[in-house]
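Asker: 3D model of this:
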Amino acid sequence: MPEVGKKAPSFSLFDSNGVKVSLDDFKGRKVVLYFYPKDNTSGCTREACDFRDFFPDFKKLKAAIIGISPDSVESHKKFIQKLNLPFILLSDDKKHVVTKYDVWKEKSMYGKKYMGIERTTFVINEEGKIVKIFPKVKVDGHVNNVFNAINQK
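Answerer: Next up is the predicted model:
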């Protein structure tokens, strides 16, 4: 279970171009690692667009934005193209990383239980340590809160 002050669990996953991306590739940079349920759904689209719109501000702080969901590489590629996203989306189709970060949870909708992503964002510092966790994210205002958390560090 990742905790504030601990080293962020390492991972390697494929991006929308089929290139393997590792958390270690971002050593020396701040990282916003956000886990979201599914491409092209209303909440996930709003969250991605909010990160897109704030991207220049995060870039000024030398912070990378990485989104992870269980969607396929091809799904991510279409989602990025459709929304003109300037950041990386990684495919965790085997659910190894979402399990490692403890965001793969039992959820319930209309009384039916199922497994899915609990929308969560981790802020990781230049040394690879978690400095802030936003659990059970509500999309409205979230990206602004993440930006403010990074800007204070």
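
Asker: roughly how far out does the helix of greatest length in the chain sit from the chain middle?
Answerer: For the chain, the helix that runs over the most residues, judged by DSSP state H, is helix 42-60. Centroid separation between helix 42-60 and its chain, computed with Cα atoms, centre = their mean, to the nearest Å, is 11 Å.

Asker: list the buried ones in that helix?
Answerer: C44, T45, E47, A48, D50, F51, R52, F54, F55, F58 (16 or more other Cβ atoms under 10 Å). From N, CA and C alone the C-beta is placed, and that goes for glycine too.

Asker: Which is the succeeding secondary structure element to it?
Answerer: strand 63-69 (DSSP states H and E).

Asker: for the residue most central in space within the chain, what are its contacts?
Answerer: What sits nearest the mean C-alpha location of the chain, by Cα atoms, centre = their mean, is Y34, with 1.8 Å. Going by Cβ atoms under 8 Å, 6 or more residues apart in numbering, Y34 touches E47, F51, I65, I66, G67, I68, R119, T120, T121, F122, V137, V146.

Asker: per-residue pLDDT, it?
Answerer: The model reports Y34 with a pLDDT of 98.

Asker: same thing with the one 10 residues further on?
Answerer: In this model, C44 is scored at 95, pLDDT.

Asker: contacting residues around the nearest residue to E118 once chain neighbours are set aside?
Answerer: Spatial nearest neighbour of E118, chain neighbours left out: K105 (4.5 Å); criterion: Cβ to Cβ, 6 or more residues apart in numbering. Counting by Cβ under 8 Å, 6+ apart, K105 touches M115, G116, I117, E118.

Asker: Am I right that K105 sits in a strand?
Answerer: Yes. Assessed with DSSP: H, G, I helix; E, B strand; the rest coil, K105 lies in a strand.

Asker: Now the residue in the chain sticking out farthest from the centre, what are its backbone angles?
Answerer: What lies farthest from the middle of the chain is G111; by Cα atoms, centre = their mean that is 27.5 Å. Main-chain torsions, G111, degrees, to the nearest 10: phi 80, psi 0.
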